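1. Just the structure for this:
(one chain, ligands or ions: 1)
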Amino acid sequence: MRTLILEDEKNIREILSIVVEEFDFEIDEAETLLEALEKLKENSYELLLVDLRLPDGSGMEVVRQVKRERPETEVVIITAFASTETVKEAFELGVYDYIEKPFKIEDLRLILRNLKEKLTLKEKLKQESIPELIGQSPAIEKLKEIIRKIAPYDVNVLILGESGSGKEVVAKAIHNLSNRSDRPFVAINCAALPAELLESELFGYKKGAFTGAVKDKKGLIEKANGGTLFLDEIGDMPLSLQAKLLRFLETKKFIPLGSTEEREVDVRIIAATNKNLREEIKKGNFREDLFYRIATIVVEVPPLRERREDIPLLVEHFVREFSSKYGKEVKKVSKGFIEYLMELPLEGNVRELRNIIEREVILSENGVIGAGYHRKDKTTEGKELIGIPEEGIDLKQILSDIERNYLIKALEKAGGKKKKAAELLGLTFREFRYRLSKYGIRG
Ligand SMILES: Nc1ncnc2c1ncn2[C@@H]1O[C@H](COP(=O)(O)OP(=O)(O)OP(=O)(O)O)[C@@H](O)[C@H]1O
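-> Modelled structure (predicted):
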């Protein structure tokens, strides 16, 4: 950790240096205010030790500047002449501690030991957190570990996973943890556009390249220069374009449509697909050479049903997102609703869960989410199959459980549209609405 010691008295500066060095901090020294301000312009420090009384002014000036421009820098003040106002101001500015001259070396050591612990923890948290990727299941923790490992290296990455499982979130996390993070992250869905449009979007074109090309347009490859280009659904990229992409990946050069001028850019490619690319290669739909170019590292995002323990955290995250988006105060998420979600097939993965929560937040009343949902009653399952047990069954209860579950399922499947849900169950709209109210389900 880099430390700047600002102290005009040589002897004290030396003592400070010796003690700070014991903690393996890197040291830089300054004798005057001016020198310190110069050093701060050129370098960034994690720790600043400042004497307040300096030949050319007050060390507080440096403290104020540092806390304004780089507030995370820790500051320890060392002084013989601190007035209470100065100490008060220092703490208000967020100074870590202060020590009075003459100080005991052991006191300084104690401060530095605590500070080192704090800084180490801070560093660890910074490295570990991938805030955009919600989840604490072993599968997600493993995924986060892989992301952290591969992010700093400039290699192409192929992300595999079902639709809606979070492949784009993972791509963004890799970008954010890489040293390209302050450059653009540009995403394109290769399945969403027809071949010609996809080509012109990616590579750009010159005015007059085709009808409608009324002016030059920069391609996404160029817009991502210095950063990351995310090619979603790469398995759906037409073969003709695959050849062009391969050429670009091999040379880092490309020619916009209708141009003769070659351009060179520096982009990291992260691709994703929910297709089995090896199968696609066998079928002749995907180039093997391109596969090896983009798949230097392959990352798999597990489907949500294999990490159901993440559902409550994801629900909490999306409830927060949508309650703030729609200005709806949410006090409670019903237990039955979480249990219901835990048992859903969730083939649409996190995206499906997110959509359900969005709808429920909009429909919520009195600050409660999912009041009409109940866990699928397991006792109704199987009973029909294994016959009637000795103690008999409660047929009315079983039938109403089944009916209620089907009503909820139909609403789910119809994306909340009651008319469609009624059709799915072979009911008229009125019959459907009557049954919803009978079971207290809000649709
Ligand atoms: N772990 C996660 N934490 C928070 N949000 C997530 C997570 N995974 C997915 N999401 C959210 O779910 C939605 C779908 O995720 P994303 O677009 O990354 O999926 P995808 O796998 O790229 O889907 P597709 O294959 O359809 O492109 C997005 O709104 C995303 O923000």
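2. okay, CA-based contacts and neighbour counts for the rest of this
-> Noted.
3. what does this structure put close to the ligand?
-> Contact residues, the chain versus the ligand (Cα under 6 Å from any ligand atom): 132-135, 162-169, 350-351.
4. Quickly find the element holding residue 231.
-> strand 228-232 (DSSP states H and E).
5. Given that strand, what are its sheet partners and their directions?
-> Its sheet considered, strand 228-232 pairs with strand 185-189 (parallel), strand 268-273 (parallel) by DSSP bridges.
6. tell me the domain ranges of this structure?
-> 2-127, 138-302, 305-375, 378-443 (automatic domain parsing).
7. could I get the residues of the chain next to the ligand as a markdown table with distance to residue 215 and neighbour count?
-> Below are these laid out as a markdown table (distance: Cα to Cα, whole Å; neighbours: other Cα atoms under 10 Å):
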| residue | distance to residue 215 | neighbour count |
| --- | --- | --- |
| 132 | 37 | 11 |
| 133 | 40 | 17 |
| 134 | 42 | 18 |
| 135 | 46 | 21 |
| 162 | 39 | 19 |
| 163 | 36 | 18 |
| 164 | 36 | 20 |
| 165 | 38 | 23 |
| 166 | 36 | 22 |
| 167 | 34 | 25 |
| 168 | 31 | 18 |
| 169 | 34 | 14 |
| 350 | 40 | 21 |
| 351 | 37 | 16 |
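8. from the strands paired with strand 228-232, which stretch is densest packed?
-> strand 268-273 (a mean of 25; mean count of other Cα atoms under 10 Å).
9. Identify each buried residue in the next helix or strand after that strand, please.
-> Next helix or strand after strand 268-273 toward the C-terminus (DSSP H and E): helix 277-282. Residues of helix 277-282 classed as buried under the neighbour-count rule (16 or more other Cα atoms under 10 Å) are 277, 281.
10. where does the chain dip in pLDDT?
-> 124-128, 374-387, 443 (pLDDT under 70).
11. What about it, which residue is the most distant from its middle?
-> Most distant from the centre of the chain: residue 390, at 54.0 Å, with distances by Cα atoms, centre = their mean.
12. For the residue nearest in space to the middle of the chain, list the residues it contacts.
-> Compute the mean C-alpha point of the chain, and by Cα atoms, centre = their mean the closest residue is residue 132, 1.8 Å away. By Cα atoms under 8 Å, 6 or more residues apart in numbering, the contact set of residue 132 is 169, 173.
13. Can you tell me how far it is from residue 175?
-> 12 Å (Cα to Cα, to the nearest Å).
14. before we move on, what about residue 162?
-> From residue 162 to residue 175 the distance is 21 Å (Cα to Cα).
15. ok, back up a step: state the three-state secondary structure for the residue nearest to the centre of the chain.
-> coil (DSSP: H, G, I helix; E, B strand; the rest coil).
16. swap in residue 76?
-> Quick answer, by three-state DSSP: residue 76 is strand.
17. Pairing partners for it in the sheet, please.
-> Beta-bridge partners for residue 76, by DSSP bridges, are residue 49, residue 97.
18. I'd say it and residue 95 touch.
-> Yes: applying Cα atoms under 8 Å, one finds residue 76 in contact with residue 95, separated by 6.3 Å.
19. No further queries at this time; thank you.
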